[in-house]
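**Student:** Sequence below, structure please.
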Amino acid sequence: MMKIKRRLSEHEEFKIMGLVLDKFLWLGTVFAGLGLYNIVVGRPSEGVLFIGAGIVFAALFGWLVVREFEQMR
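**Tutor:** The predicted model follows:
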């Protein structure tokens, strides 16, 4: 007997996508926090690299969220 697969509504798909991409945005925040910690403990060059990576990571995935949202409209 075949099971019928249930399709998600657009709203449900967007909620799931938001939950997944939100984790990546938090990861960018963690990188930026590690960078700030490294600056405070006396390793400024390493700290700036972490902050830069966090900003790039958060911006990239923020852009992906906006792009996907615009495509759904």
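**Student:** Beyond the host helix or strand of Trp26, next helix or strand please.
**Tutor:** Using DSSP states H and E, Trp26 maps to helix 10-40. Counting by DSSP H and E, the element after helix 10-40 in chain order, helix or strand, is helix 44-72.
**Student:** what packs against that following helix?
**Tutor:** Where contact means 3 or more Cβ pairs under 8 Å, 6 or more residues apart in numbering; DSSP states H and E, helix 44-72 is packed against helix 10-40. In short, each C-beta sits where N, CA and C put it, glycine included.
**Student:** what helices or strands is the helix it packs on leaning on?
**Tutor:** When contacts are defined as 3+ Cβ pairs under 8 Å, 6+ apart, helix 10-40 sits against helix 44-72.
**Student:** returning to that earlier point: list the buried residues of the helix holding Trp26.
**Tutor:** 24-25, 28, 31-32, 34-35, 38-39 (16 or more other Cβ atoms under 10 Å).
**Student:** Same list, these, but as TSV with pLDDT and distance to Lys15 please.
**Tutor:** Formatted as TSV, these follow (pLDDT from 0 to 100; distance: Cβ to Cβ, whole Å):
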residue	pLDDT	distance to Lys15
Phe24	79	16
Leu25	82	15
Gly28	86	21
Phe31	92	25
Ala32	92	26
Leu34	94	29
Gly35	94	31
Asn38	95	35
Ile39	94	36
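**Student:** where's the spatially closest residue to Ala59 that is not a sequence neighbour relative to Gln71, distance?
**Tutor:** Excluding its sequence neighbours, the residue lying closest to Ala59 (Cβ to Cβ, 6 or more residues apart in numbering) is Gly28, at 7.8 Å. The spacing between Gly28 and Gln71, counted by Cβ to Cβ, to the nearest Å, is 22 Å.
**Student:** cool, Leu49 as well?
**Tutor:** In terms of Cβ to Cβ, Leu49 sits 33 Å off from Gln71.
**Student:** of the two, who's got more company?
**Tutor:** Per other Cβ atoms under 10 Å, whichever of Leu49 and Gln71 has more neighbours is Leu49, with 15 against 7.
**Student:** Can you give the distance from stretch 40-56 to the centre of its chain?
**Tutor:** 18 Å (Cα atoms, centre = their mean, to the nearest Å).
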